[in-house]
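K.L.:
Below are the sequence and a predicted model; questions follow.
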Amino acid sequence: MKKDEATTMRLILASAVGIAVMVSFAPLASWAPAAHAAPADAGGNADVVRLQSDVDRLKQDLRDQRQLIFQLMQAEQQRYDVILKYLQAGGGPGEGAPAFPPPPSPASISKSAAGGGEGREAGSGGAGRESATVSGHVRTNGQPIGEVYVYIDGLRTAPVHGHTLEIKQRDKQFAPRVAVVPLGTRVIFPNQDTVIHNVFSQSPGNSFDLGSVKGGETSAPVVLLKSGPVEIFCNIHSKMRSDLLVVPNGHWTRVAADGSFQIAGVPLGTRKVVLWSPTLKPTSQQVEVTAKGGTATFASEAIGLHPHLNKRGQAYGSYDD
Amino acid sequence: MDAVKPWLVVVVAVVVAAPARARAQSEPHAPPAPAADAASGSDDDSSAGEGSGTTLVDTAAFEQRLAQAEQLLRNSQPIVTLGGYVDLGYFVPRGNNGAGYVEDFGHQLFPAYGNFGWVFLGDILAPAVNSRGEVADLGDAPGVDRYDSINSRGAPGFIANEINLTLRSALTPTALVTASLNFTPRTGNGFNLGDVFDADIAQIEWLPTDSQRTSIFVGKTDSVLGIEYRDRKSDKRFGITPSLMARYTTGTALGVKIRSKFGSTDWLVFAAALTNGSNTVEMWHFYDEIDSNAGKTASGRLSVRLPLPFWLELGASGSYGAQDRATDTAHPMWFVGGDMLAHIGGHVDLKAEFLKGSADGEASQGVYGLRLHGGGYLEVDAMLTSSFGLIGRGEYRDALVWLGAERAYLTKGWRATGGVRWVATTRAVFKAEYLRNGQYGRIPNIADDVFTTSLVVGF
């Protein structure tokens, strides 16, 4: 599993670097036929030889990039092959079920191809690097604000590499119970209890099932590659729950105890501001961010933590822990 | 003006591009732009790469495929899930031919019980060898023909304690069907196979509320008395053998049951059941699966969890009903007791129970009487590491069991149990225990200690 991940990450990294080089030299590539057509006597044989060398190198770069992309797609195919085998083996992700390799990150490639995450401002009113602060307030009905976060959706940077979050299982609880992590974060789950746990999530795009893990052991890491809330449970102990928010960018903040918040450096334009907490109804607003900033006001609506089903879609029953 | 020659443009481009490339190569450790850099964010448009005129990787398609795969996975969950375990053991009875009692010949030791034909001293279920509570030998009590499931005659031996198969299925997400079947390979007799199977759980559990904190059970369900029933199966039990009180509280009975949790942290739990008979274990004198009388047994438990830095649960429970196996309702059988469960530091569990009970019996119908003057245990389960643990348990039982004037069993016994637990893998646990059985109150010492082991492998 670790080997597969490392291979995938190397492919992604190599692809990103390669594509960036390719894009940088795209104008050269487009001029290459003209260079071939240039009369040999126009600028001297030395220039022609050098140009020919550059063109050959560019061609090689292109071939390499095609190969890397092909390998990347093969890796993706392998991932779905594992899922297919798993389903053919009976479906239930129980004991001994294979751990899915993390999907390759197409986002990183596509963003790199688009200019390293800086290329386009498809949102209305995009203004390049100009930015401002979005501030606002969350109204509560006299209740403590708790762990509430606000983030800007619709802006995405390339997934991070090397960021790792550790979620411990101790006293039949997860720690931390709530966390915000960037896209691409690796999460590891050390079992520090003396009992067996089975950590799983069925959040779309970030689903996983780590199988049974005995006390003192740590399962294979999980890479979170889709932004949004991720609910994590134990298939054995129904009261174990951890809520993660995978943010697509760095534009997020925790709401202060008085309900206020500020997010600096938000690109100008119409932005989607999202309020998130495991105990509040998710809500969002479109905010026009101008050079003077933007303002969002939310009225929180508590929803509480409802009981969840186990990984097989069944209630846990009365005798859970 | 002459047209710009293409080769010249290429040369200029290369000259311009080369320093840029050189700069990039000369700064290999330049830190990446922080994610918080506002301008580094690009709008989240799945058609990335569109600007270049070529879609290199279709992110939306990948996400769609992933969503479909996840949906496929969820929809392909099996209708029935199978679980269970194999429990294998090796036991060594330490004396008295593996039996837990002796006869008081001629009423020499207890002349006050001279009105009984036979008086036996000790505890017939004391030399237990496995989690089912089976004993190394039932002895040779006169006047009865019992199914002596192990019948070791005091010899050490290997044993397949139990093969359990548990089936679970969901009628709906909040209605669960569970069945637990046990297979016990044993010695045959008279050309009959001795192998036995029993169904100890056959229930439907319905969680009717949104909070899922109330369950209604129908069928053959677990007891509500005390706390030991939760660990009665060998894959759940920390050690191997049941306590001396388990015979009264860990049997499963047919009927209906409700269990509700209250408070923000489920600090209050109430359970009640109406069943055919008591929650005595099936092999004991007092069990009746299908009732022989119209009177049913009502039982209940109330527990509270105190607001302490560690888990401390205190409970009180009891049952009352027409005596099992009697054909009338004239003779009630009741039990009442208290229990305590503490989880300390995540590695140590303290468990305790106390119980009293009574049943008059009915000699004409072959129904035993019982005076459980008292009995209880204190157990400590400690995991020293994530794989290795120790168990210690001290207990006693003071009881008289009789059948009319025919026979009586007088017990004033204590037991000290020490053992180890090794969690080899997530599916294999090895356990070993030594049971030191002793007597008090003028009952002579009976050499019925037992050393026993158990390897429980789940599947």
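P.N.:
Arrived safely, thanks for sending. Numbers count the residues shown, from 1 in each chain, chains lettered A, B, ... in the order given.
K.L.:
Which parts of chain B are helices?
P.N.:
Counting by DSSP state H, one finds helices in chain B at the ranges B:6-26, B:59-75, B:246-249.
K.L.:
averaging pLDDT over each of those, which comes out lowest?
P.N.:
Among the helices of chain B, helix B:6-26 carries the lowest mean pLDDT, at a mean of 42.
K.L.:
low-scoring stretches of the stretch 1-150 of chain A, by residue?
P.N.:
Across the stretch 1-150 of chain A, residues meeting the criterion (pLDDT under 70) sit at A:1-45, A:60, A:63-129.
K.L.:
Could you tell me how far the closest residue to chain A within the stretch 251-400 of chain B is located from residue B:230?
P.N.:
Using C-beta to the nearest C-beta, the single residue of the stretch 251-400 of chain B nearest to chain A is residue B:386, 2.9 Å away. No exception for glycine: its C-beta is placed from N, CA and C like everyone else's. Separation of residue B:386 from residue B:230 (C-beta to C-beta, to the nearest Å): 22 Å.
K.L.:
now residue B:61
P.N.:
50 Å.
K.L.:
and these two? which has more neighbours close in?
P.N.:
The neighbour comparison of residue B:61 against residue B:230 (other C-beta atoms under 10 Å in any protein chain shown) goes to residue B:230, with 15 against 12.
K.L.:
Please name the residues that touch the more buried one.
P.N.:
Residues near residue B:230 by C-beta atoms under 8 Å, 6 or more residues apart in numbering or on different chains: A:319, B:222, B:236.
K.L.:
picking that back up, how about the nearest residue to the residue of the stretch 251-400 of chain B closest to chain A once chain neighbours are set aside, secondary structure?
P.N.:
Spatial nearest neighbour of residue B:386, chain neighbours left out: residue A:216 (2.9 Å); criterion: C-beta to C-beta, 6 or more residues apart in numbering or on different chains. With DSSP: H, G, I helix; E, B strand; the rest coil as the basis, residue A:216 sits in coil.
K.L.:
Now that residue A:216 has come up, it's in contact with residue A:192, right?
P.N.:
Yes - using C-beta atoms under 8 Å, residue A:216 makes contact with residue A:192 at a distance of 7.5 Å.
K.L.:
Chain A contacts on the stretch 151-300 of chain B?
P.N.:
B:168, B:170, B:173-176, B:205, B:207, B:210-213, B:215, B:217, B:222, B:230, B:259, B:261 (C-beta under 8 Å from any C-beta of the partner chain).
K.L.:
Would you write a ChimeraX line that selects the buried entries of these?
P.N.:
Selecting just the buried residues from these in ChimeraX takes one command, with 16 or more other C-beta atoms under 10 Å in any protein chain shown as the test:
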select /B:168,170,174,175,176,205,207,212,213,215,217,222,259,261
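K.L.:
In strands, which of the residues of the stretch 151-300 of chain B next to chain A appear?
P.N.:
Using DSSP state E, the members of these that fall within strands are B:168, B:170, B:175-176, B:205, B:215, B:217, B:259, B:261.
K.L.:
Flag the least confident of these.
P.N.:
Among those, pLDDT bottoms out at residue B:170, giving 90.
K.L.:
Can you tell me who that residue pairs with across the strands?
P.N.:
Following DSSP bridges, residue B:170 is listed with bridge partners residue B:176.
K.L.:
repeat for residue B:394
P.N.:
According to DSSP bridges, beta-bridge pairing links residue B:394 with residue B:378, residue B:416.
K.L.:
Surely it is in contact with residue B:352?
P.N.:
No - with contact defined as C-beta under 8 Å, residue B:394 does not count as touching residue B:352 (9.9 Å).
K.L.:
Which strands or helices does the stretch of helix or strand residue A:265 belongs to pack on?
P.N.:
Taking DSSP states H and E as the criterion, residue A:265 maps to strand A:260-267. Packed against strand A:260-267 by the contact rule (3 or more C-beta pairs under 8 Å, 6 or more residues apart in numbering or on different chains; DSSP states H and E) you find strand A:131-139, strand A:149-153, strand A:252-254.
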